[in-house]
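Engineer: sequence and predicted model, in that order:
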Amino acid sequence: MARLLRPVVLLALLAAPASAQQPAAPRPEDTEVWQPVPRVVDAGPGPKAPLPRPADAIALFDGRSLAEWTNAEGGPAGWKVVDGTMVVHKPAGDVKTRRRFTNYQLHLEYRVPPGMKETGQSRGNSGLFLAVTGGPGGGYELQILDSYRNTTYVNGQAGSIYKQNPPLVNASRAPGEWQTYDVIWTAPTFGPDGAVKTPAVVTALHNGVLVQDRYALTGETLYTGTPRYVAHGASPILLQAHGDPSPPLSFRNIWVRELP
Ligand code: MG
C-alpha cells in the first residue's frame, strides 16, 4: 500500500470542490412526504372480542402463548402475555415468527393505550414487517402508529408502507379501541443473479378499510435512503418493538393463511 499520495494526486484532491467529490449523505427527512394528507374515514367501533379465525389459518397468536414467536436472534420471545393479549416489551426487542412464509393472507388486531402524551412517530409506534430480510431495511414495514389526530409524515402514518406509500385514507381508531389489519402479501421474486424479477405486492385493509391497493414495493422500507431489494427466500414475519417512550401496544388474534 502506498504510504504517501503522489504530489499530483494530492493537488487534484485539494483543488476539487467538496461537492464534486461526494454527494451529500442522505438524511431521514429527505424521504418524508407530508402532503397530501389522507382523508379521515370513520371505520366504526373496534371489535369487542377477537374476530373469527378461518378453519385453515395458522394461529400465530391465539391469546395463550408466544410459542410461534422468537426474539430477533431466535431465542425466546420476551413480550408478555396479559389477559389473552401479547404486550410489547420494548427492552426485549422485536419478535418474529418461527415459521417462514412466502405469499399469504394475514390478520392481526392491535390496541394502542389511551392517554398517550407523545406525538408524531413517538406515539404508539410499532410495525408489521411482512417479511424479514437480511438487507439494510431489515424487511418491508406496514406501519403501526397511533394516527388518530396525530400528525406525522403521511408515508409514515398508520397504514403506510413505511417511507414508500401513504395509506389511501386514514382509517385509524382512537387509542384504547381494538384495530385490525388484513393483509395480502405477494413476496418478491429474484433471478439467479439476485436481481429482482417481480416486486413485492401488498394489499392491506385497516379496520376493514382499504389502505393499500396492490401496491408494488420499490424495495425494502428504509428510515434513510432509497429503497432497494436484496434477494431472499421464505421469511419470518416480524412485529416491531419501537424505541419511542410511549407506553406499549397490545396485540391479539394473529393468524395467517398461506397462499400458493
Ligand atoms: Mg414502526
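Structural biologist: Cool, got the structure.

Engineer: for the residue nearest to residue 230 when sequence neighbours are not counted, what are its contacts?
Structural biologist: Of all residues not flanking residue 230 in the chain, residue 135 sits nearest, at 3.2 Å (CB to CB, 6 or more residues apart in numbering). Any C-beta I mention is one placed from the backbone N, CA and C, and that applies to glycine too. Neighbouring residues of residue 135 by CB atoms under 8 Å, 6 or more residues apart in numbering: 219, 220, 228, 229, 230, 232.

Engineer: got it, and residue 115?
Structural biologist: Taking CB under 8 Å, 6+ apart, we find residue 115 in contact with residue 175.

Engineer: what does the pLDDT read for it?
Structural biologist: Residue 115 carries a pLDDT score of 93 in this model.

Engineer: distance of it from the ion?
Structural biologist: Distance, residue 115 to the ion, using CB to the ion, to the nearest Å: 20 Å.

Engineer: that residue in helix, strand or coil?
Structural biologist: Put simply, residue 115 is coil when judged by DSSP: H, G, I helix; E, B strand; the rest coil.

Engineer: let me see the ranges of the strands in the stretch 151-260 of the chain.
Structural biologist: Remark: strands assigned in the stretch 151-260 of the chain by DSSP state E, counting those that start in this stretch are 178-186, 189-190, 196-198, 201-206, 209-216, 238-239, 250-258.

Engineer: which bits of the stretch 51-200 of the chain sit near the ion?
Structural biologist: 125, 127 (CB under 5 Å from the ion).

Engineer: pick out the residue nearest the middle of this structure.
Structural biologist: residue 141 (2.0 Å; CA atoms, centre = their mean).

Engineer: just the closest residue of the protein to the ion, please.
Structural biologist: residue 127 (3.2 Å; CB to the ion).
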